Structures are given as C-alpha cells and as structure tokens.
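Participant: Coordinates for the following, if possible.
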Amino acid sequence: MTTLHARAAQGVTLAEALTATAFPTAVALLSAPHAHTVAHVTEGRCRTRQADPYDLSTVFEARVFDGERELRWLCDSGDRGRAVLLTEDETLLPDAFPEPVAPLPATAVLAAHYLLWGRPAGGDEGWTVLHTPRIGS
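Facilitator: Below you'll find the predicted structure:
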C-alpha cells in the first residue's frame, strides 16, 4: 500500500518554499491571474523560456515536482501562503517544513498525465511553444 508523508509550513512565500525543498531540479506549474506557466526549477529558482528568473510575485498557486516529492503552495495573504511537501519517502522531508501532517494512506494509485493544449509552434533550448488561435502561444 502506498502512503504519502507530508510536512507543511504556513506564512511562507513561494520562493522561500522552493529554497526549503532544495529540489536539485524540478518542474513547476505556476498559476497567476494572467497565465498558467510551466517552469523549470533549479536551486530554488524558476525559469521559463522567456524569463530567468521567472517573476513569482503574481503567482497564487504552484505545484512543483521532481518524481520523488511534490510541493503544493497556495497564496492566502499578499505573497505568503501555505506550503505542503508530499512524498512516499519520509526521509526526504526537510526540517524547514515544521508542521507534521498525518500520513495519508492511498486507497488507489492512478496513472496520470498533464495534457497540454495547442500545436507546436517552434521553440529552442529544450523548450517547445504551443499555440492555439483561441488561447495564443
């Protein structure tokens, strides 16, 4: 049976949460009022094809994952919010997340993927631009 272990931190910025997780490399899904952005995370910094570092000031929700852990962050006041780090391996939870969360036994594990919308419209340096007339690039 799969069990998820978690620790949380309240009142942290997304940048602080990223630093505390110490992901060597990860993928971030960043939600802001003007865009939903996919970013690459290295050493606590998000970067996109257009921006390095990516400005996190308007992000209100983030999911960041590296295959072993997932960080979930939700802004609740100004630029601060609650961060929860989830993993199957309890030893990967840093002390920087001080609030223990009760273990979460999974009743089932579903194979899931994220679906990206659009047709490839170029790209470079490992990035692909997707475009659709209704949404843009």
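
Participant: Next, work out how far apart the nearest residue to Gly44 once chain neighbours are set aside and Gly67 are.
Facilitator: Closest residue in space to Gly44, ignoring its immediate chain neighbours: Thr19 at 4.0 Å, by CB to CB, 6 or more residues apart in numbering. C-beta here means a position set from N, CA and C on the backbone, and glycine is covered the same way. From Thr19 over to Gly67 the distance is 20 Å, taken as CB to CB, to the nearest Å.

Participant: quick one: contacts for Ala83?
Facilitator: By CB atoms under 8 Å, 6 or more residues apart in numbering, the contact set of Ala83 is Ala8, Ala9, Val12, Leu14, Ala17, Ala20, Leu71, Arg72, Trp73, Phe97.

Participant: Pretty sure Glu70 is one of the things the fifth one touches, is it not?
Facilitator: What that stands for is Ala17. No: Ala17 is beyond contact range of Glu70, at 11.9 Å (criterion: CB atoms under 8 Å).

Participant: tell me, what residue is most central in this structure?
Facilitator: Val64 (1.9 Å; CA atoms, centre = their mean).

Participant: So in terms of bridging, what pairs with that residue?
Facilitator: Partner residues in beta bridges with Val64, using DSSP bridges, are Ala28, Leu71.

Participant: From what I see, it and Ala15 are in contact.
Facilitator: No: counting by CB under 8 Å, Val64 sits too far from Ala15 to count as a contact (11.6 Å).

Participant: Now do the closest residue to Ser31 other than its chain neighbours, the pLDDT please.
Facilitator: Of all residues not flanking Ser31 in the chain, Glu61 sits nearest, at 4.3 Å (CB to CB, 6+ apart). On pLDDT, Glu61 comes in at 97.

Participant: Next up, the contacts around Glu61.
Facilitator: By CB under 8 Å, 6+ apart, the residues touching Glu61 are Leu30, Ser31, Trp73, Leu74, Cys75.

Participant: Just the buried subset of those residues, please.
Facilitator: Leu30, Trp73, Cys75 (16 or more other CB atoms under 10 Å).

Participant: now for whichever strand or helix holds the second one, which elements pack on it?
Facilitator: According to DSSP states H and E, Trp73 maps onto strand 69-77. Here strand 69-77 is seen to pack against helix 14-21, strand 61-65, strand 80-87 when contacts are counted using 3 or more CB pairs under 8 Å, 6 or more residues apart in numbering; DSSP states H and E.
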